[in-house]
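Peer 1: dropping the sequence and predicted coords here.
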Amino acid sequence: MAIIHPFKGWLPKPDRVDEIASPPYDVMDAEEASHIAKNKPLNFLHVIRPEIDLPKGTAFNSDIVYQKGASNLYDLLRSGEMEQDEKPAIYIYQLQTDSHTQTGVFTCASVQDYDNDVILKHELTRPDKEDDRTRHIQTQRAHAEPVMLTYKDSEELSLLVEKLVLTEDPFIEHTGDDGVTHKIWKTFKTAGFAEAFAKVENLYIADGHHRCKAASRVSENLRERDRSFPGEAEYDYFPVVLFPMSQMKILPYNRVIKAVTKKQFKQLTSQLELKETDEKSPSEKGYISLYFDGKWWKTELPSAKGKDVVSKLDAARLQKSVLEPIFGIRNIRTDDNIGFVGGIRGTEELENLVDSEKVDLAISMYPTSIEELVDVSDQGELMPPKSTWFEPKLKSGIIIHTF
């Protein structure tokens with residue numbers, strides 16, 4: 001059963017949240033981060049992308065980058081623009097757009113639950129990214145960004161959340177440049193939430209596999225140093241926002257092929273039944289839309305050969321029937337000929353990339369469902385990389401966990 005751990009969060013003063021809150025570290029490159037944080041000394045990108053404050057070309061994994069991130073974090077915490085709660089709290093985090101609202105519980109999860117598969121995974125982590133996040137966390141003595149988890153809906157938890165949201169004003173309210181509104185409530189009455197989550201069998205990682213693994217590695221490193229038992233220290237817990245599954249919104253994770261020969265496209269048309277279409281996004285599972293040479297095409301993916309849940313995923317069917325046999329892309333993690341475009345950028349971005357000749361072919365996918373994610377996780381399997389894009393994203397810098 002799931003363990004949650006209320007904690008003494010660091011929060012911006014309400015009149016400073018607009019200056020501090022930032023997008024998460026992994027949705028932009030250093031150039032974009034530098035542009036966003038320009039002339040904004042309090043922006044949290046100085047903590048999570050500290051290379052923007054160092055000479056151009058500084059490697060992201062240089063010692064000085066991790067030291068700069070820690071220095072920037074503690075300068076911010078000492079600035080008086082953020083305050084730490086005096087008692088452990090539970091926070092409620094609501095994301096709101098014109099068409100969608102989701103409300104989750106912001107707390108800490110247990111590294112033990114991650115290590116023991118109470119928190120279930122669906123993606124493989126890369127050692128280089130694990131190393132990077134581990135060094136950031138351990139050098140900063142903080143978990144600067146939360147992980148997004150989901151759980152099967154619980155009426156008990158829904159009532160606890162609803163009671164707080166309906167009876168209290170949010171402590172923080174922030175609307176970003178993207179139009180997403182972020183609201184934070186907090187309560188020091190935490191026992192009911194802990195008891196309710198103790199009845200939840202599993203939590204599922206939606207977004208943040210590398211942060212989870214890094215938190216586990218930091219805990220192991222520091223427990224070995226301190227000779228402590230699991231669960232004794234604050235570093236044995238890491239911040240998460242837990243959303244009920246019914247509220248989760250998954251967008252497609254689209255693909256682009258950088259170089260496509262006429263021979264390969266001819267092979268594609270001979271093996272799949274392509275039809276010209278105005279449908280830039282597939283309307284149902286099992287179909288893809290392709291943009292090539294100024295035209296959109298629609299086709300059905302060949303049926304999965306395996307019976308397991310992973311082989312039935314559209315991303316796996318695309319890999320087996322198109323990417324590998326036609327384009328020779330065997331490992332999408334390492335092959336330079338493939339790129340990925342989050343669904344939030346829309347099909348216009350796919351058209352722009354092809355029309356500007358930055359890539360030759362764009363593939364518009366149907367989104368993976370939350371049910372597919374849960375099925376894969378429950379069976380202990382792994383999805384193909386870049387199978388899910390959760391939206392809206394959590395902001396960074398709104399609540400920080402130090403240890």
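Peer 2: Arrived safely.

Peer 1: now the helix or strand containing Gln138: mean pLDDT?
Peer 2: Using DSSP states H and E, Gln138 sits within helix 127-140. Averaging pLDDT along helix 127-140 yields 96.

Peer 1: what helices or strands is it leaning on?
Peer 2: helix 63-78, helix 209-226 (3 or more C-beta pairs under 8 Å, 6 or more residues apart in numbering; DSSP states H and E). All C-beta spots, glycine's among them, are computed from the backbone N, C-alpha and C.

Peer 1: closest to Met1 out of those?
Peer 2: Met1 lies closest to helix 209-226 among the helices and strands packed on helix 127-140, at 18.2 Å (C-beta to C-beta).

Peer 1: what angle separates the closest one from helix 127-140?
Peer 2: Orientation note: helix 209-226 sits at an angle of 50 degrees relative to helix 127-140 (axes from the mean of the first three to the mean of the last three C-alpha atoms, to 10 degrees).

Peer 1: tell me the buried residues in helix 209-226?
Peer 2: Neighbour-count burial for helix 209-226, counted by 16 or more other C-beta atoms under 10 Å, picks out 209-220, 222-223.

Peer 1: tell me where the stretch 301-403 of the chain has helices.
Peer 2: Assigned by DSSP state H, counting those that start in this stretch, the stretch 301-403 of the chain shows helices spanning 314-318, 324-327, 346-355, 370-378.

Peer 1: same for the third one, what does it pack against?
Peer 2: Meaning helix 346-355. With contacts defined as 3+ C-beta pairs under 8 Å, 6+ apart, the packing partners of helix 346-355 are strand 253-257, strand 287-292, strand 338-342, strand 361-364.

Peer 1: mind listing residues that contact it?
Peer 2: Residues from elsewhere that reach helix 346-355 (C-beta atoms under 8 Å, 6 or more residues apart in numbering): 254, 256, 280-281, 289, 291-292, 294, 341, 359-362, 364.

Peer 1: how far does it sit from its chain's centre?
Peer 2: Centre-to-centre, helix 346-355 and its host chain are 23 Å apart (C-alpha atoms, centre = their mean, to the nearest Å).

Peer 1: try stretch 79-93
Peer 2: Distance, centroid of stretch 79-93 to centroid of chain: 23 Å (C-alpha atoms, centre = their mean).

Peer 1: export that stretch to CSV, keeping only CA atoms.
Peer 2: Provided in CSV are the C-alpha atoms of stretch 79-93 (Å, rounded to 0.1, in the frame of the first residue of the first chain):
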residue,chain,number,x,y,z
SER,A,79,16.4,35.9,-0.5
GLY,A,80,13.3,36.2,1.6
GLU,A,81,11.1,35.6,-1.5
MET,A,82,10.3,32.1,-0.4
GLU,A,83,9.2,30.7,3.0
GLN,A,84,9.3,27.3,4.5
ASP,A,85,6.3,25.9,6.3
GLU,A,86,6.9,25.3,10.0
LYS,A,87,5.0,22.0,10.1
PRO,A,88,4.7,19.2,7.6
ALA,A,89,1.8,19.9,5.2
ILE,A,90,-0.2,18.3,2.4
TYR,A,91,-0.7,20.5,-0.6
ILE,A,92,-3.4,20.4,-3.2
TYR,A,93,-2.3,21.3,-6.8
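
Peer 1: how about it: buried residues?
Peer 2: Under 16+ other C-beta under 10 Å, the buried positions of stretch 79-93 are 82, 85, 89-93.

Peer 1: identify, from the residues you listed, the entry nearest to Asp177.
Peer 2: Tyr93 (18.8 Å).

Peer 1: so who does the closest one touch?
Peer 2: By C-beta under 8 Å, 6+ apart, the contact list for Tyr93 reads 103-106, 182-184, 241, 394, 398-399.

Peer 1: next up, the contacts around His401.
Peer 2: Remark: with contacts taken as C-beta under 8 Å, 6+ apart, His401 is in contact with 7, 9-10, 108, 142-143, 234, 237-239.

Peer 1: this completes my enquiry, with thanks.
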